[in-house]
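>>> Whatever this is, show me its structure:
(one chain, ligands or ions: 1)
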Amino acid sequence: MDKKGRVFSGARPTGRQHLGNYLGAMRNYVALQKDYECVYSVVDIHALTTMETTQNLKTNTLDMVLDWLAAGMDPQQSIIFVQSHVPQVMELHTILSMVTPLGKLTDLPTFKDKVREQPHNVNYGLVGYPVLMAADIALYKADTVPVGVDQAPHIEFTREVVRSFNYRYNCDVLVEPQMKVTEFPKIIGIDGQQKMSKSLDNHIEMASTPEETQKRVMMMVTDPQRQRRSDPGNPDVCNVFSLHKIFSSAEEVKMIDHDCRHAEIGCVDCKKLLAKNLNSHLETFRERRGEFEKHLDEVEDMLLDGAKRARVIAEKTMQEVRSAIGLY
Ligand code: TRP
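The predicted structure follows:
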């Protein structure tokens, strides 16, 4: 079983995942396992750069991992672990920071966004966020990194740091990774305006009960031009329709497209149908998640085993790194 290469990806521990996480990232992580050797990390140290309190860190980590497993990320095939369990990443971060010009970090659009968001907490770790990300990827010598387009500057940065390291120490120890863009239209939240996100509270969680899901779907903002049931609607600008296109059958989509434009179906019925399809789509996921939740100790053992396997790769890379530098 020759695999195409090694994938690395990381996600901050944001707790229970929503449809945007699923369609944008998790589904892709699952699919890649067939062709690549995959390493997936819950990047808890990255999370510290923006966190006011670590109160929910443990539950958020476990909740995300439960969703990952339920979605089909497979610890037998892949390495799934928590970033802080492999301290070598912090060592590589420090070493890579020596070949990183400070200006390159402060120029990154992602850094500028964070400064705008948290001007009271522009910490040293936040500036170094991309260096830690480069260390994540380089530590496992990953050649392929599946991420959304928003992460493109970080991947480009990683490639530059890898080149600088290899050049500076006259070696080819570290591997320059390629970005694999997750091709998926942006998932809009129930507000019908902004990208689905937990912090905006416009999300639909995968692990919710069918009742909660239905409630969230019924709250969705539809075509604002359609005021009354008798007004024709425009599915092209309706987020409920966007989700139908993903979760409903081709016939249903065709029917809604027609009936909405002719005021033959109202928004309430349209949403009820979406909630029903969404719930049946998520049924297996929820059952699986429930099973994992009953065996939390096994899930924790799985994470420790993942970290153990990750540390073997990490330590080997670090030995090469230390030797390339000429550390005593
Ligand atoms: N910065 C990524 C994000 O915010 C998370 C991340 C950390 C990551 N390390 C990584 C992604 C390594 C890919 C590879 O989504």
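>>> can you tell me the average pLDDT over the host helix or strand of residue 130?
Per DSSP states H and E: residue 130 is located in helix 129-139. Mean per-residue pLDDT for helix 129-139: 98.
>>> Next SSE downstream of that helix?
Counting by DSSP H and E, what follows helix 129-139 is strand 144-147.
>>> send the alpha carbons of that next one over as PDB?
Extracted in PDB, the C-alpha atoms of strand 144-147 (Å, rounded to 0.1, in the frame of the first residue of the first chain):
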ATOM      1  CA  THR A 144       0.800  18.100   1.600                       C
ATOM      2  CA  VAL A 145      -1.300  20.500   3.800                       C
ATOM      3  CA  PRO A 146      -5.100  20.600   3.300                       C
ATOM      4  CA  VAL A 147      -6.300  24.000   4.500                       C
END
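>>> Which other helices and strands does that strand contact?
strand 6-11, helix 27-32, helix 152-168, strand 178-181 (3 or more Cβ pairs under 8 Å, 6 or more residues apart in numbering; DSSP states H and E). (Glycine included, C-beta is placed from N, CA and C.)
>>> Counting neighbours, which bits of the following helix or strand past the shortest one end up buried?
Scanning forward in sequence from strand 178-181 by DSSP H and E, the next helix or strand is helix 210-218. By neighbour count on 16 or more other Cβ atoms under 10 Å, the buried set for helix 210-218 is 213-214, 216-217.
>>> Quick one: residues in contact with whatever helix or strand comes next after helix 210-218.
Downstream of helix 210-218, the first helix or strand assigned by DSSP H and E is helix 239-247. With contact meaning Cβ atoms under 8 Å, 6 or more residues apart in numbering, helix 239-247 is reached by 19, 23, 185, 187-190, 192, 217, 220-222, 235, 252-253, 256-257, 260, 267, 270-271, 273-274, 277-278, 281.
>>> So which residues on this protein come close to the ligand?
Within reach of the ligand by Cβ under 6 Å from any ligand atom, the chain has these residues: 8-12, 43, 46, 133, 136-137, 145, 147, 151, 154.
>>> and with 8 Å instead?
Listed as neighbours of the ligand in the chain under the rule Cβ under 8 Å from any ligand atom: 8-12, 41, 43, 46, 83, 110, 129-130, 132-133, 136-137, 142, 145-148, 150-151, 154-155.
>>> Pull the number of nearby residues for residue 275.
Neighbour count of residue 275, defined by other Cβ atoms under 10 Å: 23.
>>> Give the full set of residues in contact with residue 30.
Contact analysis of residue 30 by Cβ under 8 Å, 6+ apart lists 71-74.
>>> now those residues: which count as buried?
For those, buried by 16+ other Cβ under 10 Å: 71-73.
>>> How about the contacts made by whichever residue of the chain sits closest to the ligand?
Nearest residue of the chain to the ligand: residue 10, at 3.2 Å (Cβ to the nearest ligand atom). Counting by Cβ under 8 Å, 6+ apart, residue 10 touches 40-43, 46, 83, 133, 136.
>>> okay if I get those residues as a markdown table plus distance to residue 58?
Formatted as a markdown table, the contacts of residue 10 follow (distance: Cβ to Cβ, whole Å):
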| residue | distance to residue 58 |
| --- | --- |
| 40 | 18 |
| 41 | 16 |
| 42 | 11 |
| 43 | 15 |
| 46 | 16 |
| 83 | 14 |
| 133 | 22 |
| 136 | 21 |
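>>> on that earlier part again, buried ones among the residues of the chain next to the ligand?
8-12, 41, 43, 46, 83, 110, 129-130, 132-133, 136-137, 142, 145-148, 151, 154-155.
>>> now, among the buried residues of helix 210-218, which is nearest to residue 161?
Distance to residue 161 across the buried residues of helix 210-218 (Cβ to Cβ) is lowest for residue 216, with 41.1 Å.
>>> What separation is there between that closest one and residue 189?
Residue 216 is 10 Å from residue 189, where distance means Cβ to Cβ, to the nearest Å.
>>> Give me the secondary structure label for residue 75.
Here residue 75 is coil, with the state taken from DSSP: H, G, I helix; E, B strand; the rest coil.
>>> Can you tell me the closest non-neighbouring residue to it?
If the residues on either side of it in the chain are set aside, residue 75 comes closest to residue 302, at 4.8 Å by Cβ to Cβ, 6 or more residues apart in numbering.
>>> What is the burial count for residue 318?
18.
>>> my read: it touches residue 93, true?
No - contact criterion Cβ atoms under 8 Å: residue 318 and residue 93 do not qualify, at 11.5 Å.
>>> does residue 305 really touch residue 75, like I thought?
Yes - under the criterion of Cβ under 8 Å, residue 305 is in contact with residue 75, at a separation of 7.2 Å.
>>> Neighbour count: the two, which is higher?
Between residue 305 and residue 75, counted using other Cβ under 10 Å, the more crowded position is residue 75 (19 against 14).
>>> Identify the residues contacting that one.
Going by Cβ under 8 Å, 6+ apart, the list of residues near residue 75 reads 69, 302, 305-306.
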